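A.B. asks: Coordinates only, no sequence provided:
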């Protein structure tokens, strides 16, 4: 694996097709300079050779495209002729390393082939979906339909959370109330201890007495309990003894409160648009893959699949089966994508070409 460590990165960058057009490179350079927009460069000018490495030519257009990929801070360091020479040297070094890797046949190494496939797949998916499925393709009617169908996510009533000690005897409830109002019930843990000690309801006892969040319209607990819960204004407040009917008495402790929330459709639109966009894109991608798979001849041998042995030890080496190296990279990433090897020490801190 070590023999291809550097070449994996070189090959991935060399094969990555996420490049701007030469015309864009010229315009972007004018923008980066911060001055007036320069006249458009002709196709012939952009094809002007800057360097040749055997049969590989680095053109003016490619140089501009590579340097304009850098951050504005990096680009500002390469405005003089000497600095441009320095950047060109990094491109030459990149090509020299790539040619040596090819000469050694590393382009046929299984690890490199997997990485190449991964880069090509990423480019394929970008080309197929970046312009076809965007957030702008989500119509207002779709967003409104989602909003109406999921109104509970955007319009929520006030809620109160309480824990309860539930007793079957009023006299006992009065005695327990003294403990709940005293030091024993001051903390949530102390109140839970009282629940475990006294509560007659096994289901809520298992939750430490937690009745969870209640709305004013809640029908799962007695109305008197709901009213008592909403009467507790502050977290930590303890109610009096509440007669819930049917011979049960509640002592409540407020543990949380959620304010009423009303988010209008206009306020919710950005969130809904992003959600529906992600869903549409995933659906389009899945349909695309399913269509390709239906046209391919795919044979699965489950009998042989069952013979696969999985090493469950804590490995720190290898890859994930898709060309993603799980070992610490020999060359640390220096940007948003895989990068070629950094310049030698003392070379002036060149950017990644």
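C.D. replies: Arrived safely. It should be emphasised that the depicted structure is a prediction, and the values quoted were computed from it without experimental measurement. Numbers count the residues shown, from 1 in each chain.

A.B. asks: where along the stretch 151-300 of the chain do the helices fall?
C.D. replies: 170-181, 188-198, 202-205, 223-230, 265-295 (DSSP state H, counting those that start in this stretch).

A.B. asks: Give the buried residues for the longest one.
C.D. replies: Of the residues in helix 265-295, those buried by neighbour count under the rule 16 or more other Cβ atoms under 10 Å are 268-269, 272-273, 276-277, 280-281. Yep, even glycine has a C-beta here, placed from its N, CA and C like the rest.

A.B. asks: where does the stretch 201-350 of the chain have low pLDDT?
C.D. replies: Applying pLDDT under 70 to the stretch 201-350 of the chain flags residues 315-350.

A.B. asks: ok, 50 please
C.D. replies: 321-350 (pLDDT under 50).

A.B. asks: Would you check how far apart residue 264 and residue 216 are?
C.D. replies: Distance, residue 264 to residue 216, by Cβ to Cβ, to the nearest Å: 22 Å.

A.B. asks: actually residue 48, sorry about that
C.D. replies: Going from residue 48 to residue 216 by Cβ to Cβ gives 76 Å.

A.B. asks: What about residue 232, how many residues nearby?
C.D. replies: 19 (other Cβ atoms under 10 Å).

A.B. asks: which one of residue 264 and residue 216 has more residues nearby?
C.D. replies: residue 216 (13 against 10).

A.B. asks: Who are the contact partners of the more buried one?
C.D. replies: Going by Cβ atoms under 8 Å, 6 or more residues apart in numbering, residue 216 touches 157-158, 226, 230.

A.B. asks: Just put the buried residues of helix 265-295 in CSV and tack on distance to residue 76.
C.D. replies: Below are the buried residues of helix 265-295 laid out as CSV (distance: Cβ to Cβ, whole Å):
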residue, distance to residue 76
268, 42
269, 39
272, 40
273, 36
276, 40
277, 35
280, 40
281, 36
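
A.B. asks: The helices of the stretch 151-300 of the chain: which one's closest to residue 88?
C.D. replies: Across the helices of the stretch 151-300 of the chain, residue 88 has its closest neighbour in helix 265-295 (39.0 Å, Cβ to Cβ).

A.B. asks: Point out the other helices and strands that the closest one packs with.
C.D. replies: Other elements packing on helix 265-295 under the criterion 3 or more Cβ pairs under 8 Å, 6 or more residues apart in numbering; DSSP states H and E are helix 110-129, helix 140-149.

A.B. asks: most tightly surrounded among these?
C.D. replies: helix 110-129 (a mean of 15; mean count of other Cβ atoms under 10 Å).

A.B. asks: thinking in terms of the whole chain, how far from its middle is that one?
C.D. replies: 20 Å (Cα atoms, centre = their mean, to the nearest Å).

A.B. asks: now stretch 222-238
C.D. replies: That offset, for stretch 222-238, works out to 40 Å (Cα atoms, centre = their mean).

A.B. asks: ok, now stretch 105-119?
C.D. replies: 27 Å.

A.B. asks: Next: stretch 240-254.
C.D. replies: Remark: stretch 240-254 is offset 46 Å from the chain centroid, using Cα atoms, centre = their mean.

A.B. asks: Which residues does that stretch contact?
C.D. replies: Everything outside stretch 240-254 that qualifies as a contact, by Cβ under 8 Å, 6+ apart, is 160-170, 173-174, 176-177, 180, 185, 188, 191, 200, 209, 221-222, 224-225, 228-229, 232-239.

A.B. asks: rewinding a little: quick one: which of the helices and strands packed on helix 265-295 is nearest residue 70?
C.D. replies: helix 110-129 (20.1 Å).

A.B. asks: Give me the mean pLDDT for stretch 49-57.
C.D. replies: Averaging pLDDT along stretch 49-57 gives 90.

A.B. asks: Please list the outside residues in contact with that stretch.
C.D. replies: So stretch 49-57 is contacted by 58-60, 63, 88, 91-92, 95-96, 99 (Cβ under 8 Å, 6+ apart).

A.B. asks: How many neighbouring residues does residue 233 have?
C.D. replies: 9.

A.B. asks: contacting residues for it?
C.D. replies: So residue 233 contacts residue 254 (Cβ under 8 Å, 6+ apart).

A.B. asks: Check the gap between it and residue 254 for me.
C.D. replies: 8 Å.

A.B. asks: filter the contacts of stretch 240-254 to the buried ones?
C.D. replies: Applying 16+ other Cβ under 10 Å to the contacts of stretch 240-254 flags 160-167, 173, 176-177, 180, 185, 188, 191, 209, 221-222, 225, 228-229, 232, 238-239 as buried.

A.B. asks: Please report phi then psi for residue 221.
C.D. replies: phi -120, psi 160 (degrees, to the nearest 10).
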